[in-house]
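*Asks:* this one's structure only:
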């Protein structure tokens, strides 16, 4: 009888270990998934923030040169090229960004992202207006207003992205 009880205790202990092993694998798997998701979210956030920052920087530099009347420096064309390149990066990756935003952030974040992209397009359109001569002052003012709106939207959106 003692032998049977000893075997039952051994089997019961093995059964408990097996059950705990199965559940611990699931728990470890969930933790690993959550950590990977957080890591990817951080990576994607940084890439998107960098691309937006680059576009805002060159657009702002273009605007500052126009406000100060510094078109004689000869680098306005190069700055315009950088604006164009950074905007192309934003627009080329727009749907990649949208997939990231939808996957890793809230609906509020998606709406704000759409607003940011619309503002970026408006800034780019205002810069394109400088390809035509005339009304430089009005174009500069319009660019300034659109740029201020873009900066405000980018700041709010990047600070509102919730965990």
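*Replies:* Ah, there it is. Predicted model, so just to flag it, every value in this text is computed and none were measured. Residues are numbered from 1 along each chain as shown.

*Asks:* use CA for all of it now, contacts and neighbours both
*Replies:* Will do.

*Asks:* how near is the spatially most central residue of the chain to residue 104?
*Replies:* By Cα atoms, centre = their mean, the chain has its centre lying nearest to residue 48, at 3.2 Å. Distance of residue 48 to residue 104, given as Cα to Cα, to the nearest Å: 13 Å.

*Asks:* Show me what secondary structure element comes after the helix or strand hosting the residue nearest to the centre of the chain.
*Replies:* Following DSSP states H and E, one finds residue 48 within helix 2-68. Downstream of helix 2-68, the next assigned helix or strand under DSSP H and E is helix 76-92.

*Asks:* Show me what that next one is packed against.
*Replies:* helix 2-68, helix 107-128 (3 or more Cα pairs under 8 Å, 6 or more residues apart in numbering; DSSP states H and E).

*Asks:* Tell me which residues are up against it.
*Replies:* Contacting residues not belonging to helix 76-92 are listed as 51, 52, 54, 55, 58, 59, 61, 62, 65, 120, 124 [Cα atoms under 8 Å, 6 or more residues apart in numbering].

*Asks:* helices and strands of the protein: which one bottoms out on pLDDT?
*Replies:* Ranked by mean pLDDT, DSSP states H and E, the weakest helix or strand in the chain is helix 2-68, scoring a mean of 73.

*Asks:* what kind of secondary structure is residue 159 in?
*Replies:* helix (DSSP: H, G, I helix; E, B strand; the rest coil).

*Asks:* circling back: can you pick out the most distant pair from the contacts of helix 76-92?
*Replies:* 51 and 65 (21.5 Å; Cα to Cα).

*Asks:* Run through who's touching the helix or strand residue 156 falls within.
*Replies:* Using DSSP H and E, the element containing residue 156 is helix 136-160. Helix 136-160 is contacted by residues 49, 52, 56, 59-60, 63, 66-67, 109, 112-113, 115-116, 119-120, 122-123, 126-127, 129-130 when judged by Cα under 8 Å, 6+ apart.
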